[in-house]
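> Below is the structure, and that's it, no one-letter string:
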């Protein structure tokens, strides 16, 4: 098994054919947001939901992010 740290997430996502909700914070200091934007622009099955000022680890602590995720699952 190849460690995830050595993989390019954008390349991993390209192999997924199902619809994907990609959640990324524009202020994420751990993982740059630009690759998420690029892959969402290139692939029709990717929906990018960008947040602001949540960083890398606060995403799932916010009600609006959880709501968006649940709504996406319900409508997929």
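All right, it came through fine. Source: prediction; values computed, not measured.

> Now the lengthiest helix in the chain: buried residues?
Ranked by number of residues, the top helix in the chain under DSSP state H is helix 63-74. Buried residues in helix 63-74, counted by 16 or more other Cβ atoms under 10 Å: 65, 68. To be clear about C-beta, it is placed using only N, CA and C from the backbone, and glycine gets the same treatment.

> Same question for stretch 45-60.
Neighbour counts over stretch 45-60 (16+ other Cβ under 10 Å) mark 46, 48, 49, 50, 51, 54, 59 as buried.

> any idea of the pLDDT on the nearest residue to residue 16 once chain neighbours are set aside?
Among residues not flanking residue 16 along the chain, residue 45 sits closest, at 7.2 Å (Cβ to Cβ, 6 or more residues apart in numbering). For residue 45, the pLDDT comes out at 93.

> Do I have it right that residue 45 meets residue 15?
No. Proximity of residue 45 to residue 15 does not meet the contact threshold set by Cβ atoms under 8 Å, at 11.1 Å.

> Show me the shaky parts of the chain.
Low-confidence segments of the chain (pLDDT under 70): 1-10.

> Which parts of it are strands?
20-25, 46-51 (DSSP state E).

> can you redo the buried residues of stretch 45-60 as a markdown table with distance to residue 20?
Formatted as a markdown table, these follow (distance: Cβ to Cβ, whole Å):
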| residue | distance to residue 20 |
| --- | --- |
| 46 | 5 |
| 48 | 9 |
| 49 | 11 |
| 50 | 14 |
| 51 | 16 |
| 54 | 19 |
| 59 | 15 |
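
> hmm, which two among those are most spread apart?
Farthest apart among the buried residues of stretch 45-60 by Cβ to Cβ are 46 and 54. That separation is 19.6 Å.
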